[in-house]
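Asker: Okay, here's the prediction I keep looking at, along with the sequence it came from:
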Amino acid sequence: MMRLLSTTLIPFLLLPDMNYDINEKETSIDNMGDSLLIAIEECVNRGNKGDADSIMSEWIVDGRDPIDGSYEFIFIPNFTLQ
């Protein structure tokens, strides 16, 4: 059973000094969008519209999909690789 967290994903500016490769950033954003889409589809298939709307609101900000606009995201250092 999937449990939703009560957090909000908010697009921010990329910080240039974080030592991330641009491909790693793009991959992370793509993975986040793909994961949320899969979760939304699962909720819709189960008839759970409220959870689907909740998950969508984690990605869509002010009615705009960050992939379609000029949104950028903040990345913090990946301490799991140290």
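Answerer: Perfect, I can see it now.
Asker: tell me which residues of the host helix or strand of A52 are tucked away?
Answerer: According to DSSP states H and E, A52 maps onto helix 49-59. Residues of helix 49-59 classed as buried under the neighbour-count rule (16 or more other C-beta atoms under 10 Å) are 51-52, 54-55, 58-59. In short, each C-beta sits where N, CA and C put it, glycine included.
Asker: so what does that helix touch, helix or strand wise?
Answerer: Where contact means 3 or more C-beta pairs under 8 Å, 6 or more residues apart in numbering; DSSP states H and E, helix 49-59 is packed against helix 22-45.
Asker: Show me what the helix it packs on is packed up against.
Answerer: Partner elements for helix 22-45 (3+ C-beta pairs under 8 Å, 6+ apart): helix 49-59.
Asker: could you check the angle helix 22-45 makes with the helix it packs on?
Answerer: Counting by axes from the mean of the first three to the mean of the last three C-alpha atoms, to 10 degrees, helix 49-59 points 160 degrees away from the direction of helix 22-45.
Asker: Give me the mean pLDDT for helix 49-59.
Answerer: Averaging pLDDT along helix 49-59 yields 92.
Asker: and if you look at stretch 72-82?
Answerer: Across stretch 72-82, the per-residue pLDDT values average to 79.
Asker: in it, what counts as buried?
Answerer: Going by 16+ other C-beta under 10 Å, stretch 72-82 has these buried residues: 73, 75.
Asker: and it, how far from the chain's centre?
Answerer: Put simply, stretch 72-82 sits 14 Å off its chain's centre (C-alpha atoms, centre = their mean, to the nearest Å).
Asker: when you give positions from now on, start the count at 282
Answerer: Sounds good: first residue 282 from here, last item stretch 353-363.
Asker: Which of the buried residues of helix 330-340 sits closest to E322?
Answerer: Nearest to E322 among the buried residues of helix 330-340: A333, at 8.2 Å, using C-beta to C-beta.
Asker: what about the closest residue in space to that closest one that isn't next to it in sequence, neighbour count?
Answerer: Excluding its sequence neighbours, the residue lying closest to A333 (C-beta to C-beta, 6 or more residues apart in numbering) is C324, at 3.8 Å. Using other C-beta atoms under 10 Å, C324 has 20 other residues around it.
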